[in-house]
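Asker: here's my sequence, what's the structure:
(2 chains)
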Amino acid sequence: MSAETTSAEATATEGVSLYDVDNPAPVIEPPRKRTKKTGSASRGNFEMQAWLFMRLSGIVLVVLVLGHLLIQLVLDGGVSKIGFAFVAGRWASPFWQVWDLLMLWLAMLHGANGLRTVINDYAQRDNTRFWLKMLLYTATVFTVLLGTLVIFTFDPNIS
Amino acid sequence: MPAGTLYRGREGMWSWVAHRVTGVLIFFFLFVHVLDTALVRVSPEAYDNVVATYKTPIVNVMEYGLVAAILFHALNGLRVIAVDFWAKGPKYQKQMLWTVVGVWVVLMAGAFYPVLQHTLRTLFGS
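Answerer: Sure thing, here's the model as predicted:
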């Protein structure tokens, strides 16, 4: 082992740069650098809007979801009182219908965008990523539509 | 692990991991929860049958876990918003995380009996 290597290792452990003029650091392309594949500005800023949506919907969901948990799982005997009659009693009021509808839409979109981010982060093959997101979007649309239909068509006298 | 890393393996990273894990768990529950609630359109009996599952001890404990996940995700989400929009947010992110953990512990202690009372009553009487 030459003296040079030894000194390079010693400096590396101290957190000083490993690189110099003869041994330059690898160049990392800036994350926002525009390449041939990058579209024009007209492509829009979907990711920024998604980022903003997560924060705005998050604030509203803190109120809607924690209120929902308080009513369903904490107050008045916890889970014991939940049943068809309890649901019918709550959905007799337009206030709770709107509450639940808003909560359904915001929570599903917030969660779907979160899972989209997770899929983009971990699914490395293009095909896997594509199909996982198709599955996610299908499940999301189905759940939002089903939930909306249930809230709007609820019939307390069904038998 | 490289020395002198400010982020990796520290509060910032672990709160990010916990935010992800709780978020994914909550989303899967939400999907199931909309499906079970949809049974009110089938019949009162079908709905009450599935709600009976929510009243079994094991699922009741899982509900306490759901409350734990949602409370952390909500409180840490507010911290993320503060980090992004408050000028001093990044500086105090660590203190805010420990505040989140503290509030979470207090709320979880307060939710223990109300959420689990159904199981506690059925298992230990009265």
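
Asker: low-confidence ranges, the chain, go.
Answerer: Using chain A here. A:1-16, A:33-44 (pLDDT under 70).

Asker: my question was about chain B, not that one.
Answerer: Ranges of chain B meeting pLDDT under 70: B:1-7, B:126.

Asker: okay, strands next: where are they in chain B?
Answerer: In chain B, no strands are defined using DSSP state E.

Asker: stretch B:117-126 and chain A in contact?
Answerer: Yes - under the criterion of C-beta under 8 Å from any C-beta of the partner chain, stretch B:117-126 makes contact with chain A via B:117, B:118, B:121. In short, each C-beta sits where N, CA and C put it, glycine included.

Asker: these two touch, right, the first one and residue A:80?
Answerer: Looking back up the chat, that one is residue B:117. Yes - counting by C-beta atoms under 8 Å, residue B:117 touches residue A:80, with 7.4 Å between them.

Asker: what segments of chain A are helices?
Answerer: A:3-13, A:46-69, A:84-91, A:94-122, A:126-153 (DSSP state H).

Asker: excluding sequence neighbours, find me the nearest residue to residue A:155.
Answerer: Nearest non-adjacent residue to residue A:155, counting by C-beta to C-beta, 6 or more residues apart in numbering or on different chains: residue B:41, 7.7 Å away.

Asker: circling back: so for residue A:22, which of the helices of chain A sits nearest?
Answerer: Closest to residue A:22 of the helices of chain A is helix A:3-13 (C-beta to C-beta; 10.6 Å).

Asker: ok, back up a step: so what's the residue nearest to residue A:155 up against?
Answerer: Residue B:41 sits next to A:149, A:150, A:153, A:154, A:155, A:158 when contact means C-beta atoms under 8 Å, 6 or more residues apart in numbering or on different chains.

Asker: give me phi/psi at residue B:90?
Answerer: phi -60, psi -30 (degrees, to the nearest 10).

Asker: how much space between it and residue A:121?
Answerer: 22 Å (C-beta to C-beta, to the nearest Å).

Asker: can you give me the neighbour number for residue 46?
Answerer: The chain I'm using is chain A. Using other C-beta atoms under 10 Å in any protein chain shown, residue A:46 has 8 other residues around it.

Asker: oops, I was thinking of chain B
Answerer: 15.

Asker: check residue A:58 too.
Answerer: Neighbour number of residue A:58 under other C-beta under 10 Å is 18.

Asker: is it true that it touches residue B:79?
Answerer: No - contact criterion C-beta under 8 Å: residue A:58 and residue B:79 do not qualify, at 10.9 Å.

Asker: so how far is residue A:143 from the nearest residue to residue B:36 once chain neighbours are set aside?
Answerer: Nearest residue to residue B:36, sequence neighbours excluded (C-beta to C-beta, 6+ apart): residue B:50, at 4.8 Å. According to C-beta to C-beta, residue B:50 stands 16 Å off from residue A:143.

Asker: these two - which one has more neighbours?
Answerer: Set residue B:50 next to residue A:143 and count neighbours by other C-beta under 10 Å: residue A:143 wins out with 22 against 17.

Asker: list the buried residues for the helix ranked longest in chain B?
Answerer: Secondary structure assigned by DSSP H gives helix B:93-124 as the longest helix of chain B. Residues of helix B:93-124 classed as buried by neighbour count (16 or more other C-beta atoms under 10 Å in any protein chain shown): B:93, B:96-97, B:100-101, B:104, B:107, B:111, B:114-120.
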